[in-house]
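Peer 1: Okay, here's the prediction I keep looking at, along with the sequence it came from:
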Amino acid sequence: MVSFRSASTVEALKTAFEEAVNDYLQECQEKGLPPEKPASGKLLLRLAPELHGQAMVAAKAAGKSLNQWVAEALHRAVRS
């Protein structure tokens, strides 16, 4: 087994990565857990119309798109 730190070529790094992924998938299977999937970056929210409107006003007042404003608000929320 090649570790990421000892990989000295692209091919060795690729092999180490594939081994790490296979080990992870095997461990998930042994523990009966589903593997984590990466987030797509897309998020669909259902909000009360009043909250949606307030968020649009706040985003416009901040000079940002609603998407940018919400992304920044979520970023602050998960960092606190």
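Peer 2: Alright, I've got the coordinates. Residues are numbered from 1 along each chain as shown.

Peer 1: Going by C-alpha atoms from here, please, whenever you check contacts or count neighbours.
Peer 2: Will do.

Peer 1: quick one: the most centrally placed residue in the chain from C28, how far?
Peer 2: In the chain, the C-alpha nearest the mean C-alpha coordinate belongs to A39, at 4.2 Å (CA atoms, centre = their mean). Remark: distance between A39 and C28 (CA to CA, to the nearest Å) = 18 Å.

Peer 1: List the buried residues of the lengthiest helix in the chain.
Peer 2: When the chain is parsed with DSSP state H, its longest helix is helix 10-31. Along helix 10-31, these residues count as buried under the neighbour rule (16 or more other CA atoms under 10 Å): 12-13, 15-17, 20, 25.

Peer 1: which of these sit farthest apart?
Peer 2: Farthest pair in these (CA to CA) is A12 and L25. Separation: 20.0 Å.

Peer 1: ok, now how distant is the closest residue to W69 other than its chain neighbours from G53?
Peer 2: Spatial nearest neighbour of W69, chain neighbours left out: A59 (5.5 Å); criterion: CA to CA, 6 or more residues apart in numbering. Taking CA to CA as the measure, A59 falls 10 Å from G53.

Peer 1: Looking at the two, which one has more neighbours?
Peer 2: Legend: neighbour count by other CA atoms under 10 Å for A59 and G53, higher for A59 (17 against 12).

Peer 1: Surely the more buried one is in contact with L66?
Peer 2: Yes. With contacts counted by CA atoms under 8 Å, A59 reaches L66, the gap being 5.3 Å.

Peer 1: quick one: low-confidence parts of the chain?
Peer 2: For the chain, the stretches flagged by pLDDT under 70 are 1-5.

Peer 1: tell me the domain boundaries of it?
Peer 2: Listed domain ranges for the chain are 1-37, 49-79 (source: automatic domain parsing).

Peer 1: Which of these sits closest to L43?
Peer 2: Ranking these by proximity to L43 (CA to CA) places domain 49-79 first, at 10.0 Å.
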